[in-house]
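> model this:
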Amino acid sequence: MVEVKKLTKNYGNIKAVDNISFTVGEGEILGFLGPNGAGKSTTMNIITGYISSTSGTVTIDGKEILENPKEAKAKIGYLPEIPPLYTDMTVKKYLEFMFDLKKVKLPKKEHIEEVMRLVRITEQADRIIKNLSKGYRQRVGFAQALLGNPPVLILDEPTVGLDPMQIIEIRKLIKSLGKKHTIILSSHVLSEISATCDRILVISNGKIVADAKTDELSSSTAGEEKLALVVEGAASDIISAIKNIPAVIRVNKISEKNGNSAKYMVEYEKDHDVCRDVFNAMARIGCPILDMQSGNETLEEMFLKLTANGNYDTVGGKK
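Numbering: from 1, shown residues only. Next up, the predicted model:
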């Protein structure tokens, strides 16, 4: 549905986007994640045709954005970080104006009513936009992006500045829209991406540094799994016993706990489950396990690792 090939954007000697490639399938919600200044908005502006690339191509449903701009842009609904609203208009008049501006060929009255119902702003139809809350303004922005039923939605920081309840409502809306649209969602908020998207693409310094399904990304950033333990007993005996388990790569004592117990981090090979082996090893030496849980990286830890510097291999894709 969306194909980006070897996309580069230079501003003088600065590479805002550096030779990136990715595809987004039909009905997929892709989270475009990165710190401020990473190149997210530049990439999304190129995809929508708002700015041109220095090199590379963007194809929307078979239409290249520079060679066939009208056909390609007709397939995109775009919601910028600040929705493009005419705040002195009522919601309905604004959507009618945008309908005409986009030259939508669907039945006007019925289509606008359908879009308002979909984003739940029907009751606000006759209200002036400047009198709406930020959450409702964001919904009006969604409504204009949906006019014409475009197959692709580009959403740039769609929940920025919203309160927690509004964020939850917008997330639900995005998930529901993902059933009928291909969505690219830009954000630098980790919880936003993990709660909404099927797949995460991480960009840093203009380069893609990770591309994987949301639930796979954290474990894909390292060559091993981790297990956090709190065990009572002599540290030397505990470390020695755990090191003798075949799949274990290393074990470290992390901190002292109350009494004669301590916390340990066990790193072991992927595709192995060492929990039973660790339990049996501790039972053999008479050291009770007081706590055992996954020690794998959180999404936040993964994000910091991936964006810390430019010396990395791409995760989940080619370098």
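> the stretch 201-319 of the chain: helices as residue ranges?
217-220, 235-243, 275-284, 299-307 (DSSP state H, counting those that start in this stretch).
> which of the ones you listed comes out lowest on mean pLDDT?
Note on the helices of the stretch 201-319 of the chain: helix 217-220 shows the lowest mean pLDDT, a mean of 56.
> partner residues bridging the nearest residue to V266 once chain neighbours are set aside?
Closest residue to V266 apart from its sequence neighbours, by Cβ to Cβ, 6 or more residues apart in numbering: L227 at 4.3 Å. All C-beta atoms are positioned from the backbone trio N, CA, C, and that covers glycine. Beta-bridge pairing for L227 (DSSP bridges): V266, S294.
> could you report the neighbour count for L227?
Residue crowding around L227 was assessed by other Cβ atoms under 10 Å; the count is 21.
> thought it was touching R276?
No: contact criterion Cβ atoms under 8 Å: L227 and R276 do not qualify, at 11.4 Å.
> check which helix or strand K6 maps to.
strand 2-11 (DSSP states H and E).
> can you list the buried residues in the helix or strand just after that strand?
Counting by DSSP H and E, the next helix or strand C-terminal to strand 2-11 is strand 14-24. Neighbour counts using 16 or more other Cβ atoms under 10 Å place 15-18, 20, 22, 24 of strand 14-24 among the buried residues.
> from A247, how far out is the residue nearest to V266?
Distance, L227 to A247, by Cβ to Cβ, to the nearest Å: 11 Å.
> likewise K63?
Distance, K63 to A247, by Cβ to Cβ: 50 Å.
> before we move on, what about D211?
Computed as Cβ to Cβ, the D211 to A247 distance reads 28 Å.
> pLDDT-wise, which helix or strand of this protein ranks last?
Here the helix or strand of the chain ranked lowest by mean pLDDT, DSSP states H and E is helix 217-220, holding a mean of 56.
> pLDDT weak spots in the chain?
215-224, 295-303, 305, 308-319 (pLDDT under 70).
> chain center to the helix or strand containing I112, what's the gap?
Counting by DSSP H and E, the element that carries I112 is helix 108-118. Taking Cα atoms, centre = their mean, to the nearest Å, one finds helix 108-118 lying 29 Å from the centre of the chain it belongs to.
> go through it and flag the buried ones.
So for helix 108-118, counting by 16+ other Cβ under 10 Å, buried means 111-112, 115-116, 118.
> between those, which is nearest A235?
L118 (59.7 Å; Cβ to Cβ).
> distance of the closest one from Q166?
Taken as Cβ to Cβ, the span from L118 to Q166 is 17 Å.
> look at D198 and say how many residues are nearby.
17.
> count of neighbours near the nearest residue to it once chain neighbours are set aside?
Spatial nearest neighbour of D198, excluding adjacent residues (Cβ to Cβ, 6+ apart): I29 at 4.9 Å. When counting by other Cβ under 10 Å, one arrives at 23 neighbours for I29.
> what sits against I29?
174-175, 178, 183, 185, 196-199 (Cβ atoms under 8 Å, 6 or more residues apart in numbering).
> same list (those) but as CSV, adding secondary structure.
As requested, the contacts of I29 are arranged in CSV below (DSSP: H, G, I helix; E, B strand; the rest coil):
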residue, secondary structure
I174, helix
K175, helix
G178, coil
I183, strand
L185, strand
T196, helix
C197, coil
D198, coil
R199, strand
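> buried subset of the residues you listed?
Here, 16+ other Cβ under 10 Å leaves 174, 178, 183, 185, 196-199 buried among those.
> closest to D156 among the residues you listed?
L185 (8.4 Å).
> S261 versus that closest one, what's the distance?
44 Å.
> S21 too?
In terms of Cβ to Cβ, S21 sits 50 Å off from S261.
> then N36?
Distance of N36 to S261, computed by Cβ to Cβ: 42 Å.
> more neighbours: which of those two?
Between N36 and S261, counted using other Cβ under 10 Å, the more crowded position is S261 (20 against 7).
> so what's the more buried one up against?
230-233, 290.
> so which of those residues is the most crowded?
Result: V231 is most packed of the contacts of S261 (other Cβ under 10 Å), 27 neighbours.
> correct me, but that one touches M282?
Yes: between V231 and M282 there is a contact at 6.0 Å, judged by Cβ under 8 Å.
> what do those two both touch?
238, 288-289.
> what is the nearest of the residues you listed to P107?
Closest approach between these and P107, by Cβ to Cβ: I289, at 66.2 Å.
> for burial, what's the neighbour tally of the closest one?
19.
> from memory it sits against A228, does it?
No: if you go by Cβ under 8 Å, I289 and A228 don't touch, sitting 11.0 Å apart.
> hmm, back to that, with distance to L101 added, can I get the buried residues of helix 108-118 in a markdown table?
Shown next, in a markdown table, are the buried residues of helix 108-118 (distance: Cβ to Cβ, whole Å):
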| residue | distance to L101 |
| --- | --- |
| H111 | 14 |
| I112 | 13 |
| V115 | 15 |
| M116 | 17 |
| L118 | 20 |
